[in-house]
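Participant: coordinates only, sequence not included:
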């Protein structure tokens with residue numbers, strides 16, 4: 001018994017090396033037997049041609065120059081793509097940023113910048129709940145907690161900074177007032193990344 005398998009396309013069929021299956025009493029599906037036995041040949045044929053043109057797999061069983069069984073598996077062959085190294089690194093970086101926490105000194109800014117464009121393109125509103133951070137993604141949200149009184153506020157990072165000394169975050173006047181640091185101008189805070197404004 002001789003079995004030949006080929007990929008069918010709209011223009012032509014590409015024949016693979018013929019395969020001799022000795023076990024004629026095995027009633028297993030013909031396509032399964034060929035695919036199990038000739039997986040490497042099928043794979044080689046797929047990658048030599050144009051995968052987009054493939055429409056199915058044609059398998060013919062013959063004996064004494066007579067076709068005794070023919071099966072066509074009409075299916076699009078799709079090869080799963082492995083995630084690229086860049087995608088893997090982005091996933092790791094994203095997960096790391098989501099778990100972000102930081103402690104340090106917070107400052108605030110207000111009237112002198114009111115109405116100016118922030119790094120995100122939004123206009124700065126000194127009374128809104130926003131903040132500037134050096135590295136966190138723009139438009140993400142963080143919870144800022146004043147360590148001296150336990151008050152916290154969730155703010156949207158829409159600007160870059162602070163660029164003065166060892167400060168870790170620059171709050172809008174409204175956010176700084178909510179946690180009680182406007183009087184002193186500075187305050188020791190902890191920062192954690194949160195999912196959104198209502199977290």
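Facilitator: Arrived safely, thanks for sending. Computed from a prediction, not measured in an experiment: that's the story for all the values here.

Participant: so what are the domain limits for this protein?
Facilitator: What automatic domain parsing lists as the domains of the chain is 2-73, 99-194.

Participant: Would you single out the least confident of those?
Facilitator: Here the domains of the chain differ in mean pLDDT, and the lowest is domain 2-73 at a mean of 54.

Participant: Show me where this structure has its strands.
Facilitator: Secondary structure of the chain (DSSP state E): strands at 2-9, 13-15, 19-20, 54-63, 66-73, 101-109, 130-132, 141-146, 152-159, 167-172, 186-194.

Participant: Can you give me the distance of residue 152 to residue 111?
Facilitator: With distances taken as Cβ to Cβ, to the nearest Å, residue 152 is found 24 Å from residue 111. Placement of C-beta: from N, CA and C, glycine included.

Participant: same thing with residue 188?
Facilitator: 24 Å.

Participant: Look at those two and report which has more neighbours.
Facilitator: Neighbours per residue, other Cβ atoms under 10 Å: of residue 188 and residue 111, the larger number sits with residue 188, 14 against 8.

Participant: who does the more buried one bridge with?
Facilitator: Taking DSSP bridges as the rule, residue 188 bridges to residue 105.

Participant: Number of residues surrounding residue 100?
Facilitator: Neighbourhood size, residue 100 [other Cβ under 10 Å]: 16.

Participant: was I right about it contacting residue 190?
Facilitator: No - counting by Cβ atoms under 8 Å, residue 100 stays clear of residue 190, with 11.3 Å between them.

Participant: so what sits against both of the two?
Facilitator: Counting by Cβ atoms under 8 Å, 6 or more residues apart in numbering, residue 100 and residue 190 have no common neighbour.

Participant: List of residues touching stretch 178-188?
Facilitator: Applying Cβ under 8 Å, 6+ apart, the contact partners of stretch 178-188 are 103-108, 129, 144-149, 151-153, 167, 171, 173, 176, 189.

Participant: Could you identify the buried members of those residues?
Facilitator: Those of the contacts of stretch 178-188 that meet the buried threshold are 105-108, 129, 144-146, 152-153, 167, 171, 173, 176, 189, by 16 or more other Cβ atoms under 10 Å.

Participant: Which pair of those spans the longest distance?
Facilitator: Taking every pair in the buried ones among the contacts of stretch 178-188 and measuring Cβ to Cβ, the maximum separation is 19.3 Å, between 105 and 129.

Participant: how many neighbours does the residue lying closest to residue 130 once chain neighbours are set aside have?
Facilitator: Distances taken as Cβ to Cβ, 6 or more residues apart in numbering place residue 172 nearest to residue 130, at 4.6 Å, with adjacent residues excluded. Neighbourhood size, residue 172 [other Cβ under 10 Å]: 28.
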